[in-house]
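using only what follows, build the 3D model:
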Amino acid sequence: MKSNLHIKIKGSFLWKICAVIVLVVVLTCCSTDILSVDQPTTATVGQTIPITMKVLYTNTNVTANMVVAVLLPVGWNGAKNLTMTYTSPIGNGTFSVMPGTTTEPASGGLYNWPTALMKKFGIVNNYIKDMEWVVFVSDKAYTNPTTTVTVNMKLTVAADGGNANVALAYVVAETNDGLKANDGNIETSPPDTYEFYELYSTPCLDVSGSASGSIEDFCDAPLTTVDPFKALTDDFVTVNFDATILKNNLLGAANVYLKATAVDEAGNIYNGPVTPAKSLMTQVSSNKYQVTIWPRSYFNVPKAHTLSIMKYVITDVTGNTVVGANATTEPIIYGFTCK
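Down below sits the predicted model:
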């Protein structure tokens, strides 16, 4: 099923001129519009999905190459698993990954394109920070009148092998002006209108099919998070619980506890400590708690074994009041991986 619902932050006239044209150019007026992004809302792990974006350039007066950036989970390795081509009435061509050494022009040479995009737009409508802007640049520049450019993408999702629910986002710009704003500088809190570029955010993409059952839910504000987002058996990890995110029975609790089990790659199951003191979470502020564990020690995992997942809930001292995924009693699943 595909959806055209989106959130647009429009560019002003000047930018629009050069931005959309993947082709760089001598345009005459000033306006760029992302007309649509046609992207599936569901996919399976490892599937290659088509994405089509249509951009309208209206009378540009600058010669530049088109830049297209896509916000993706880091584990998807977008630089290797995303390809782009374009067609237009004035020429067709391809995109290549923007070199990491290329600086974004509005930053005054301070940042490369991915860093500049992250500073300006962040992770858009997502809650997990494990995301990156993958930036592509067109092979040519053209002198462009008013024209529509069609960008055709092929994205292989979930290279890390995990299920995900994530809101992809797209930015179109051009190499001459980049992310230039009204005052000529990169702004970390974007206003309602911009020059020279446009941001487009799509509905969440639901990727399923992983045998582990764990899911990286970027779209929903989580009651719990694990930091770092990706870790291995011998890494220290911190489990955080924010009881204010969703209505739950531990809101206002004086003490809360981590109740967890883990499974290794051979299918062996390990229980967390029985002693409450070893699973007590520290209250760091009102209704917010955390505990840091070393998984190998916490679950008493033999040295020769490696954990694949951890299933956990948050409880009171009796264990009778349980808060799990989306404030239900279902365990939250965390996958151990370094990808």
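
and the most centrally placed residue in the chain, how far from residue 229?
Centroid-nearest residue in the chain: residue 131, 3.8 Å away (criterion: Cα atoms, centre = their mean). According to Cβ to Cβ, to the nearest Å, residue 131 stands 10 Å off from residue 229. (C-beta placed from N, C-alpha, C; glycine too.)

do residue 54 as well
On the measure of Cβ to Cβ, residue 54 and residue 229 end up 34 Å apart.

give me the pLDDT for residue 336.
Per-residue pLDDT puts residue 336 at 89.

next, count neighbours for it.
Residue 336 has 24 neighbouring residues, counting by other Cβ atoms under 10 Å.

and the helices in the chain?
Taking DSSP state H, the helices of the chain run over residues 13-19, 78-81, 113-121, 295-298.

residue 46 is nearest to which of those?
Taking Cβ to Cβ, helix 78-81 is the member of the helices of the chain nearest to residue 46, at 9.7 Å.

give me the helices and strands touching the closest one, please.
Applying 3 or more Cβ pairs under 8 Å, 6 or more residues apart in numbering; DSSP states H and E, we find helix 78-81 packed against strand 131-138, strand 147-156.

again, 10 Å this time
Applying 3 or more Cβ pairs under 10 Å, 6 or more residues apart in numbering; DSSP states H and E, we find helix 78-81 packed against strand 66-73, strand 93-97, strand 131-138, strand 147-156.

export those to a markdown table and tack on mean pLDDT?
As requested, those are exported to a markdown table (pLDDT from 0 to 100):
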| stretch | mean pLDDT |
| --- | --- |
| strand 66-73 | 96 |
| strand 93-97 | 97 |
| strand 131-138 | 97 |
| strand 147-156 | 95 |
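
can you say which of the ones you listed is packed in most?
strand 66-73 (a mean of 27; mean count of other Cβ atoms under 10 Å).

distance from that strand to the middle of the chain?
11 Å (Cα atoms, centre = their mean, to the nearest Å).

and if you look at stretch 204-214?
Worked out by Cα atoms, centre = their mean, stretch 204-214 lies 15 Å from the chain centre.

swap in stretch 157-172?
6 Å.

buried residues in that stretch?
157-160, 162-172 (16 or more other Cβ atoms under 10 Å).

wait, isn't residue 224 in contact with residue 324?
Yes - if you go by Cβ atoms under 10 Å, residue 224 and residue 324 touch, sitting 8.7 Å apart.

what's the overlap in contacts for those two?
Contact criterion Cβ atoms under 10 Å, 6 or more residues apart in numbering; residues shared by residue 224 and residue 324: 312-314, 332.

okay, the closest residue to residue 44 other than its chain neighbours: pLDDT?
Excluding its sequence neighbours, the residue lying closest to residue 44 (Cβ to Cβ, 6 or more residues apart in numbering) is residue 209, at 3.9 Å. On pLDDT, residue 209 comes in at 93.

any idea how far residue 294 is from residue 209?
31 Å.

domain ranges for the protein?
Using automatic domain parsing, the domains assigned to the chain come out as 2-208, 221-335.

in strands, which of the buried residues of stretch 157-172 fall?
When DSSP state E is applied, the buried residues of stretch 157-172 are split such that 163-166, 169-172 fall in strands.

the residues you listed: which two are farthest apart?
Going by Cβ to Cβ, the pair spanning these furthest: 163 and 172, at 29.3 Å.

hmm, which helix or strand of this structure has the shakiest average pLDDT?
helix 13-19 (a mean of 33; mean pLDDT, DSSP states H and E).

picking up where we left off before, would you list the ones in strands among the buried residues of stretch 157-172 in TSV and tack on pLDDT?
Converted to TSV, those look like this (pLDDT from 0 to 100):
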residue	pLDDT
163	92
164	93
165	94
166	96
169	97
170	97
171	95
172	93
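
how far away is residue 288 from residue 333?
22 Å.

separation between residue 324 and residue 279?
15 Å.

and what of residue 146?
The value you get for residue 146 to residue 279, if Cβ to Cβ is used, is 64 Å.

beta partners for the nearest residue to residue 152 once chain neighbours are set aside?
Excluding the flanking residues, the one nearest residue 152 by Cβ to Cβ, 6+ apart is residue 85, at 5.1 Å. Bridge pairing for residue 85 (DSSP bridges) gives the partners residue 94, residue 152.

show me the contacts for residue 85.
Contacts of residue 85 by Cβ under 10 Å, 6+ apart are 22, 92-95, 138-139, 150-154.

so can I have TSV of the residues you listed showing distance to residue 179?
Shown next, in TSV, are the contacts of residue 85 (distance: Cβ to Cβ, whole Å):
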residue	distance to residue 179
22	17
92	26
93	23
94	23
95	18
138	17
139	21
150	23
151	18
152	24
153	21
154	26
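
so where is the protein shaky, pLDDT-wise?
The chain contains residues with pLDDT under 70 at 1-31, 58-61, 142-145, 181-196, 214, 338-339.
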